[in-house]
Structures are given as C-alpha cells and as structure tokens.
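>>> Need the 3D shape of this:
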Amino acid sequence: MEVWDSIVLGAGQGGLAASYFLTQRGVDHLVLDANPAPGGAWQHRWDSLTMHDVHGVADLPGQPAPKRSHARANEAVPAWFAEYERRQDVPVVRPVTVTAVTSEGDLLVIHGTTNGVERHWLTRTLVNATGTWTRPHWPDHPGAADFEGEQFHTATYPGVEHLRGKRVVVVGAGASAVQFLGELAPVADTLWVTRRPPRWRTGEFGPEAGLAVVTEVEKRVVAGLPPTSVVGATGLMLREQEQGAARLGAYDDPRPMFESLVPHGVRWADGTTEPADVVLWATGFRSAVDHLEPLGLRGPQGGIPLERVPGNVQAATTAVADPRVHLVGYGPSASTIGASRAARRAALEVARQVADREERAS
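All right, here's what the predicted structure looks like:
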C-alpha cells in the first residue's frame, strides 16, 4: 500500500486550507471527503439561508470568499469550493466514510468505505478537519418519543415554508435560534425556550473582544476539556433581517426549559403546558471525532488536549497524546477564519515532522 506523508480528513474550509498549505510545503498528501460533491457542510444547509444571512465566510488561501448576496448559501459556497478544488488541484477522494483511525508502528491507518467498498490508507501524519455538522446534539429530553408533532434540529431544518402557520417551539440560546426566530416569527406562531438566559452583546465586537473569547476556548482544549463554541461565546445581536421578528416580540422574555414533551406540546415543572406542532432544537453540534477514538487521544476531562502555541491562540492543533495527529476546526479554530489559520499551523508541523523523519532515515 502507498504510504502518504499526510492525509487530510474533510474537504470543508479547514481541509481545503490544509491541503493548500501542505502543497505549498511540498508534502505529499491526500484529502478524504465524506460528501459526494464539493461543498463541505454548506451543501446541506437549508434553502432559505442566503449569503446575506450567514454570519461570515472567511477567504480561503489564494481565493476570496463569495460576496454577500441573496444567493442560496447551499449553492454559492459549494460552487466556490468546487472552483477552489479545481484551481488548486486538490487531491481529493470522495465519497469516503472514515470509520476509524488506528496506529500500526510509525504509521496511522485510515479505515473507511467508498461506495460500500472497504478501503484502507496508510499515512505518517493526519490532519483532521471533519467539523461538527455530522454530530448534531439532540437532547435526550423526557417525553420526546411521546410528542406527536414534528421535531427538527438545525441540521435537519426544513425551511420556513414547511413551518408556515404552525406553532413552533424554538429551543436554544445561540445564534441559530435567533436566526430561526427571525425567519419564522413573521409567518408562524413561535415560542422561544432556553436552558440558560440568552447573553446579548452590547457595543461593538472588536478584535480585542474576539481574542478574549478565542483565548478562553483555547484554554479549555489545552486543558483537555471539551471545547465550547467560539461563535456561541461572542454573544447575540439582532441583525437587520431579524428586526421584524423583534417588533413582533419574538425575543421578549424567553421561557425557561420545559420539563418534558407531551403528545401535543410541552410541559413545565409547575404543570403548565403550551401547545406545539413543531419543536425545533437549535441546540448545537459536537466535534465529529469519534473515528479517532482508537488512538486514545482524549484526556481524563473528556476532551482532546492540544499543545499550546505561545502567542497564537488559534494554532493549538497538535494532539498531546499523539503528535502525528493535528486537529483543524476543533476548539479555538472552530470558525471559518480560525480553520484557515489553524490549517497553516498544522501544515507547518506536518512538514517539520516529515522532514525530521526523512533526516533520521538518511
């Protein structure tokens, strides 16, 4: 079997950036992507999400991001990614479902399937850029199986037209919940429910505030704690497209979390109930790293500890337990701009490791 200097898992923002920087440094590599076509998680977003609605897409190295417009994000970004793959000649193989990564001596073994056929790849290093979209967090809430209405997660949101005229309970205290309420409140009967009070942003969110947020996330992953969301920690604000919902009172006094679902609604601890046709769980995502479990990267705190890089909070990419593994888009780099910065650092570390290995071999 051919042995690669590095294999990148995922062809989203982080994976494409990693491939670019690995190519720059002359590292022989391959990109394995689970999707049947370019576009990463963006190709799975709902149709009503436009490039005007997204919270920002950073440039890829060597190619600027699409401009804000009313084009559908699930078309504009995948088209941009496809053009990038073509122009940069990204060595991508798809669709590949990676099931596990194991270690055999000095090499890492990638186990996966392509169109139902089992395959294996050997590599000296690994850049994991699998993101979070495939790991939606569905709370295991009492009564969920008894609810006779529909339940959706951000990852399965059917769009505004499907929910028009319905009674929708939106659960979550993050940016997705705010965005869904902004879209749904003018056409549906909405109720906002949060486990914790929403934290609204006051004043401008400048570079210093952004650095402080990312630094706190970095501290968690360096300590081996499960990462929190960078975007979720920046605080909430209402954009122009959400002002109509605000005038309708969609964001006024969100209710605390209900105790359970009942067949036709939700019930609180005091016995009061609210009817509901739909429960929309805007409850976030977890890092898609289950395939790395055989490597034993997790620390006792439940997260994957990463090596800290002094002076660069988004450069923590190298797994402490196995320095051959680099995580891009995990913890402090879990944003489009952070993923590109982390990809640069990961490629630098991979190139150094490959050069050191070649020097020892000679």
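>>> Would you map the helices across the stretch 1-150 of the chain?
Assigned by DSSP state H, counting those that start in this stretch, the stretch 1-150 of the chain shows helices spanning 13-24, 73-88.
>>> Pick the most buried one from those helices.
Stretch with highest mean neighbour count among the helices of the stretch 1-150 of the chain: helix 13-24 (a mean of 26; mean count of other CB atoms under 10 Å). Bear in mind the C-beta positions are built from the backbone N, C-alpha and C, glycine included.
>>> just the angle between that one and helix 73-88, please?
10 degrees (axes from the mean of the first three to the mean of the last three CA atoms, to 10 degrees).
>>> check contacts around Asn35.
Applying CB atoms under 8 Å, 6 or more residues apart in numbering to Asn35 gives the contacts Ala11, Gln43, Arg94, Pro95.
>>> if we go to 7 Å?
With contact set as CB atoms under 7 Å, 6 or more residues apart in numbering, Asn35 has these partners: Gln43, Arg94, Pro95.
>>> Can you tell me the closest non-neighbouring residue to Gly182?
Of all residues not flanking Gly182 in the chain, Glu242 sits nearest, at 3.3 Å (CB to CB, 6 or more residues apart in numbering).
>>> Which residues are in contact with the most centrally placed residue in the chain?
Centroid check for the chain by CA atoms, centre = their mean gives Thr132 as the closest residue, at 3.5 Å. Counting by CB under 7 Å, 6+ apart, Thr132 touches Phe285, Arg286, Ser287, Ala288.
>>> How is this structure divided into domains?
As given by automatic domain parsing, the domain ranges for the chain are 3-134+286-361, 150-200+236-281.
>>> looking at these, which is closest to Lys219?
domain 3-134+286-361 (8.8 Å; CB to CB).
>>> From the opening residue of the closest one to its closing one, how far?
Chord length of domain 3-134+286-361, first to last residue, is 15 Å (CA to CA, to the nearest Å).
>>> ok so, going back, could you dump the domains of the chain to CSV with distance to Pro142 and mean pLDDT?
Output for the domains of the chain, formatted as CSV (distance: least, CB to CB, whole Å; pLDDT from 0 to 100):
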stretch, distance to Pro142, mean pLDDT
domain 3-134+286-361, 21, 92
domain 150-200+236-281, 4, 94
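>>> hang on, the earlier thing: what would the helices of the stretch 1-150 of the chain look like in a markdown table with distance to Asn115?
Shown next, in a markdown table, are these (distance: least, CB to CB, whole Å):
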| stretch | distance to Asn115 |
| --- | --- |
| helix 13-24 | 20 |
| helix 73-88 | 19 |
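>>> so which of these comes closest to Arg308?
Using CB to CB, these put helix 13-24 closest to Arg308, at 19.1 Å.
>>> what does the closest one contact?
6, 8, 29, 31, 40, 60-62, 81, 84, 88, 90, 127, 129, 328-329, 336, 339-340, 342-344, 346-347, 350.
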